[in-house]
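Have a look at this prediction, sequence included:
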Amino acid sequence: MSDSARYAIYAAPPAGSALAVFGASWLGYDAETGRAVPPPIVAGLMPERWDELTRRARHYGFHGTFKAPFALADGTTAEDLAEAASAFAAGRAPFDLPLGLARIGGFLALTPAEQRPALNDLANGCVEGFERFRRPETPEQVAKRRAGLTARQSAHLDRWGYPYVFEDYRFHMTLTDPLPDDESDRLQAALAGLLEPLLALPLRIDALCLFRQADRAAPFRLIRRVPLG
C-alpha cells in the first residue's frame, strides 16, 4: 500500500440505479468503474463550462460523506479497515433518504428533503468508529483548512480531521463547484427538470461505500460496498 493512499467512508447510490447513472454522467466520472463518462447535454451549458464547474466534485466521485478522506494510521491496513467496516455495518439497519436539490455554500447538491435520525446516527458512528484508522494530518495541512471556520468547526478539525461533523454535519451529494448567483439559479432550474423523475423515490442507504484514492492527484474509486444489517 502506498503511504500516499487515502480512504473514505461514503454513501453512494446502488450500482446501476438511475441516480447512480445520473451522478456518473453529470460528473463525467464513474467511481464504480474508474472510467470517464460522457456528460449530459444541458441547454445553455457549454462543455468547457461544465468541465470547470464539476472539476472538483468529479475528483471525489458522486457520494455523500460519512467519514471524510484520511490516510491510514500507522499499524493499520486496508484489510483492517474493511473488516472494521463489515463489523460496524452489521449492526446498522438500512433506511430510505428522500433527497432534493439545494444550494449550500455556493454550490449545488442533493440534500435530505426530510430529517432522518438514522442518517446522523450513522454519520456520527462512522466519525467515531473509524477514527483509529485515521493518520493525523500535518500542522501545515490542518492550517490550510482552518480559514473561515467557526470555533467549534476548528475544534472538530483538530480532533477529527474534518470540520463538518456532529452538530455541523450536513449530508450532501455535491454536483458543482461554487457558482455565482445568476449561474446557480439557471443551472438549478435546468437540473431540477433532469432530477425530478430520479428523486421521486428516496435514496436507499443500504451500504457503507469504501472509497480509495491512490494519491492526491488521482480520483477516488469505490472499492467495496459493505451492506448494512
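Alright, I've got the coordinates.

L191 and R103 touch, don't they?
No: L191 is not in contact with R103 according to CB atoms under 8 Å; the separation is 10.6 Å. Any C-beta I mention is one placed from the backbone N, CA and C, and that applies to glycine too.

The two: who's more crowded?
Comparing L191 with R103 by neighbour count (other CB atoms under 10 Å), the higher total belongs to L191, at 20 against 17.

Mind jotting down where the helices sit in the chain?
In the chain, helices defined by DSSP state H lie at 18-27, 47-60, 78-90, 117-129, 139-144, 151-160, 181-195, listed in chain order.

packing partners for the last one?
Helix 181-195 makes packing contacts with strand 99-104, strand 107-112 when contacts are defined by 3 or more CB pairs under 8 Å, 6 or more residues apart in numbering; DSSP states H and E.

Dump these into CSV; add mean pLDDT as well.
Listed next are the helices and strands packed on helix 181-195 as CSV, based on pLDDT from 0 to 100:
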stretch, mean pLDDT
strand 99-104, 96
strand 107-112, 97
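
Deepest-packed of those strands, please.
Greatest average neighbour count among the helices and strands packed on helix 181-195 goes to strand 107-112 (a mean of 20), per mean count of other CB atoms under 10 Å.

and that strand, which strands flank it?
In the sheet, strand 107-112 lines up against strand 99-104 (antiparallel), strand 173-174 (antiparallel) (DSSP bridges).

Hey, what's the angle from it to helix 18-27? Just curious.
Taking axes from the mean of the first three to the mean of the last three CA atoms, to 10 degrees, strand 107-112 and helix 18-27 form an angle of 170 degrees between their directions.

ok, and what's touching strand 107-112?
Contact partners of strand 107-112, identified using CB atoms under 8 Å, 6 or more residues apart in numbering, comprise 57, 64, 97-104, 119, 170-179, 184, 187-188, 191, 195, 199.

and it, C-alpha only, in PDB?
Below are the C-alpha coordinates for strand 107-112, written out as PDB (Å, rounded to 0.1, in the frame of the first residue of the first chain):
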ATOM      1  CA  PHE A 107     -22.600  25.000  -4.800                       C
ATOM      2  CA  LEU A 108     -25.500  22.800  -5.900                       C
ATOM      3  CA  ALA A 109     -26.000  19.400  -4.200                       C
ATOM      4  CA  LEU A 110     -28.600  16.800  -3.400                       C
ATOM      5  CA  THR A 111     -29.600  17.100   0.300                       C
ATOM      6  CA  PRO A 112     -32.100  15.400   2.600                       C
END
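
got the angle for that strand vs helix 117-129?
Here strand 107-112 runs at an angle of 110 degrees relative to helix 117-129 (the same axes, to 10 degrees).

follow-up on the earlier one: could you pick out the buried ones from the contacts of strand 107-112?
Neighbour counting over the contacts of strand 107-112 (16 or more other CB atoms under 10 Å) leaves 57, 64, 97, 99, 101, 103, 119, 171-176, 179, 184, 187-188, 191, 195, 199 as the buried ones.
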